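Novice: Starting from these lines, generate the structure:
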Amino acid sequence: MREQQELASGTIVEFYNEKTICTGVVLATKGQRLFVISEQNREMNISQNRTLETTGPVLDVKEDRDILVAKLKEISARRRELASQINIEELWGLLEEEGGGSYSLKDLASFLFNAPDHNQLAALERVLLADRFYFQNKDSLYIPRSKENVEQLKIQAEQEARRELMLQRGSLWLKEVWKNEPGAIPSGQFSEEQQDIIEKLKDFAVEGNESEHLNTIKELFRRAELNLDPQIAFRLLVNLGVWKPDENLLIYKFGIPRHFSPEVISCAENLVIAKAVSEPTAIVDPLDAKREDLTHLWTISIDSEETKDIDDAISLEELDSNLLRVGVHITDVAAYIERDNILDVEARSRMTSVYLPDEKIPMFPPIISENLCSLIAGEDKRAITFFFTVDPHGSVVVETRITPSFIRVKERLTYDEVNERLKHGDERLKVLHDIASALREERKRRGAIILHMPEVYATVDEQGVIHIKQYNQQEPSQTIVAECMIAANALVAKFFMEQEIPALYRAQGEAKQDEESYGENVHPLFILFRQRRLFARAELATVPERHCSLGLECYSSITSPIRRYMDLVLQRQLRSYFLEQPPAYSINDLDAIITDMNEILPKVFQITRRWNRYWILRYIEQENIKETTALILDHNDRSVHVVLPDFMLETFIPKKAFRTLALGQVVPVKIEKVRPREETITVVPQ
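Specialist: This next block holds a predicted model:
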C-alpha cells in the first residue's frame, strides 16, 4: 500500500474493490479520505490506505465524465495486458539464484523493462500482489522466498484447492443426501472423497463440538444449508446406509473394538484345530498330569437362555457320614491362552466381554469363548474345581479344596428351568438351593448387606422386536449361582492370601450408618435406593481387605475367565502354584493391570448402563406406553428425582408439577415425551 502523501486532484490511483484491483481518478481529498471516480463509473469515498503504490498521469477532472471513465478503462486494460506478459517465476528464479535480498517495486521492474513507465510498474505491482508463492512483501519491499518455502507454499495451495473442491462437491452431495434425492446415495461403493466425508461425519456425530474435524463439518454444513448438529450428521449417515437407525454411538465414543483382526481369528482357529485332533484334547498342558477326573459327577451349568460362553458349572455329590460336597468348576482358559500371546494381548485390551441388548462383544473370539473354552454339555473340558464339603444342613463348611480337573457337564439349564424344577420338587436342586441359602445366611451373620435391587434388562430379537425383563435376585436359581460363585471367589482370595501369592482383590469399605427411619407406607424400593447410597465404592487392590457388602474378609474374582481378564490373570496365578512354578505375575504386573482395568471398565459400565436405558426407552416407544407410576426418591428447590419402577428408569420432574410431595410416595404419571437418543423421558403427575 502507498506511503502517506498528499494526492492532488486528477491523480490516477489503484485500489482494491471487492478483492479486485480497480483503477480510479482522484476528484478531491479530505484528510485521509479520497473522493474518486472508478473505471466502472462509480463515485467512491475510500481511505487513502486502500490505494496501491503506483500512480499514473494526472488527468483533467474537468473533462467530460465519459471521457475520464474511458481513459481509466484504457489504462486499466493496458496494465492487465502487461501483467499477463510478466513471468513472475522467472523473475524469482533469477533473483533467488543471486542470493535473494530485498527490492523495491522499481528495482524489480528494472529487471523486466528498460526505464519502466507507470503502466509497467502498476502491472508488476498487480502481479506481485497476486503472487502467493515467490515474493514476500514487507514494508513496501519485496523479498524472494527460498526454494524450500516456495515448494511448501505450493503444496499448501494444492491442499487448499483440493479442500475447496471437496467442500463444493461434498456440500452439494450432503444436500442431496439430506433430501434423499435420487442418485445421492450410490448403489456401489463410495468414492474416496465421499468415504473421507463419511469418516468426518462419524467423528462429528460421536464427538460433537469436540470433533477434530469440526471446522470442515461446519463449512460443509453451512454450504449445504444444514444446522450444525451431531444429530444431523447421524441422520445423514443413516440415510447413506452407513449406520443403522439404532446405531450405538457409545461404542465409537469409548473406542470399544467390535471385531477381531484376521491375525487374532487365525490364532483362535489354529487352537481349535489343534484341539480337534483327538479328545479330550491334543494340546499338551503340563497341568493335565495333576488333574482329577471328575467327569462322572452330576454337573450342571445354569445360565440365561441366550448364553453360549459358559465358564462355570456346579456339581453335587453325597459323601460318607451324610456330608455333601459342592463343586464349582471354572473352565481352564489359561490352559489354552498363553500369557502375552496375540489372544492374550487382545483380551487385555478389552478387559471384559460387553453384553448389550442388541449385541455381544466378547473378550475372546466366539470360536474360543463359545466353543473351545465353553463348558458345553456332553463334552470333556479342562477346569479348575473349588470343592466345599458341608454338613447335611449345608450350614457348616467342613472342608474346602482347589484342584485342576477334567469335567463333563451333564445338563445345560436356564435360570427359569431351575426355578420350574424346584417347584416340582427336584431333590438335588433343592439341596443346592438349601446350601446356597445357608451360605448366604452365614455371610449375613458376618455383616453382609444384601440388597435385592430389581434390575430391568432389554433384549432385541432377530426381527428387531424389543423385549424387557425384570430380574429378581431372590429367585432360587439366582441364589444358587450367586452364592456358589461368591464362595469360590472368597476361597481363592483366602488361598492367595495364605500362600502369599500376588493377587488382585476386590475390597469395599464399611457402609455408612442409616440414621433415617421410614414409615410403614414407604415403598420397599425407596428403602433399597436409600441404602444403596450408603455403600462405599468397591476398589481393586493387591492387598487383601474386607468387602463390606459381601461380609467377607477378603474377596477376589476367578469364576469367569472367558469374560473377565482379571479372572484369567488369577487363574494363571493358581496354575503356577499347582505347577510349582513362580507366580505368572508380580505385584508390579498386577498394579499395571489394575491401571488398565480402571481405564477401560468404567467405560464399559457406562456403555452397558446407558445402552440398556436407550433400548428400554425404545421399548416404551414401541409399545406406545403412555402411563406408568413414579416413586419419589428425593427433591430440591426445583426438581423431583423419581424412578419408574416398571422400567427402573430414573428421571426428574419439575417440582412445580406436584401439588403434594412425600418421599417414598408412588404417584401415577403420564409419559409425555421419550427421546431415546438423548436418553431422556419426560413424565408429569396425573
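Novice: which stretches of the stretch 51-200 of the chain have low pLDDT?
Specialist: Scanning the stretch 51-200 of the chain for pLDDT under 70 picks out the ranges 54, 181-184, 186-188.
Novice: now swap in the chain and tell me
Specialist: 1-5, 54, 181-184, 186-188, 275-283, 515, 519.
Novice: what about the longest helix anywhere in it, distance to the chain center?
Specialist: The residue-count maximum for a helix in the chain (DSSP state H) belongs to helix 587-622. The chain centroid and the centroid of helix 587-622 are separated by 10 Å under Cα atoms, centre = their mean, to the nearest Å.
Novice: And for stretch 435-450?
Specialist: So, by Cα atoms, centre = their mean, the centroid of stretch 435-450 is 39 Å from its chain's centroid.
Novice: now do stretch 223-236
Specialist: Distance, stretch centre to chain centre, for stretch 223-236: 20 Å (Cα atoms, centre = their mean).
Novice: what does that stretch rub up against?
Specialist: 167-168, 171-172, 174-175, 177-178, 201-202, 204-208, 217-218, 221-222, 243, 247, 249, 677 (Cβ atoms under 8 Å, 6 or more residues apart in numbering). In this view, the C-beta of every residue, glycine as well, is placed from N, C-alpha and C.
Novice: Just the CA coordinates for that stretch, please, in CSV.
Specialist: What follows is stretch 223-236, C-alpha atoms only, in CSV (Å, rounded to 0.1, in the frame of the first residue of the first chain):
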residue,chain,number,x,y,z
ARG,A,223,-22.8,-24.6,2.3
ALA,A,224,-25.3,-27.5,2.4
GLU,A,225,-27.7,-25.2,4.4
LEU,A,226,-27.8,-27.7,7.3
ASN,A,227,-27.8,-26.9,11.0
LEU,A,228,-24.5,-27.7,12.8
ASP,A,229,-25.9,-30.5,15.0
PRO,A,230,-24.4,-34.0,15.6
GLN,A,231,-28.0,-35.4,15.1
ILE,A,232,-27.9,-34.1,11.6
ALA,A,233,-24.7,-36.0,10.9
PHE,A,234,-26.2,-39.1,12.4
ARG,A,235,-29.3,-38.8,10.2
LEU,A,236,-27.1,-38.3,7.1
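Novice: So that it lines up with my notes, have the first residue be 25 from now on.
Specialist: Sounds good: first residue 25 from here, last item stretch 247-260.
Novice: in the stretch 425-574 of the chain, which spans are strands?
Specialist: 435-438, 479-484, 490-495, 529-532, 562-565 (DSSP state E, counting those that start in this stretch).
Novice: ditto for the stretch 125-274 of the chain
Specialist: Under DSSP E, counting those that start in this stretch, the stretch 125-274 of the chain gives strands at 159-162, 165-168.
Novice: For I431, which of these is the nearest?
Specialist: Ranking those by their distance to I431 (criterion: Cβ to Cβ) puts strand 159-162 first, at 79.8 Å.
Novice: May I see the buried residues of the closest one?
Specialist: F159 (16 or more other Cβ atoms under 10 Å).
Novice: Can you name every helix or strand that that strand contacts?
Specialist: In this structure, strand 159-162 makes packing contacts with helix 142-154, strand 165-168, judged by 3 or more Cβ pairs under 8 Å, 6 or more residues apart in numbering; DSSP states H and E.
Novice: let's see 6 Å
Specialist: Applying 3 or more Cβ pairs under 6 Å, 6 or more residues apart in numbering; DSSP states H and E, one finds that strand 159-162 contacts strand 165-168.
Novice: Between the strands of the stretch 425-574 of the chain, which one is closest to V369.
Specialist: Of all the strands of the stretch 425-574 of the chain, strand 562-565 sits nearest to V369, with 20.6 Å by Cβ to Cβ.
Novice: can you dump the C-alpha coordinates of that closest one into CSV?
Specialist: C-alpha atoms of strand 562-565 as CSV (Å, rounded to 0.1, in the frame of the first residue of the first chain):
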residue,chain,number,x,y,z
ALA,A,562,-15.6,-51.0,45.6
GLU,A,563,-11.9,-50.9,44.8
LEU,A,564,-9.3,-53.1,43.2
ALA,A,565,-6.0,-53.7,45.1
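Novice: going on from it, what's the next piece of helix or strand?
Specialist: Next in sequence after strand 562-565, counting helices and strands by DSSP states H and E, comes helix 589-602.
Novice: and that following helix, what other elements does it pack with?
Specialist: Taking 3+ Cβ pairs under 6 Å, 6+ apart as the contact cut, helix 589-602 packs with no helix or strand.
Novice: list the buried ones in it?
Specialist: Quick answer for helix 589-602 (16+ other Cβ under 10 Å): 589-601.
Novice: Mind putting those into a markdown table with distance to N138?
Specialist: Converted to a markdown table, the buried residues of helix 589-602 look like this (distance: Cβ to Cβ, whole Å):
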| residue | distance to N138 |
| --- | --- |
| Y589 | 82 |
| M590 | 86 |
| D591 | 90 |
| L592 | 86 |
| V593 | 86 |
| L594 | 91 |
| Q595 | 92 |
| R596 | 89 |
| Q597 | 91 |
| L598 | 95 |
| R599 | 94 |
| S600 | 93 |
| Y601 | 97 |
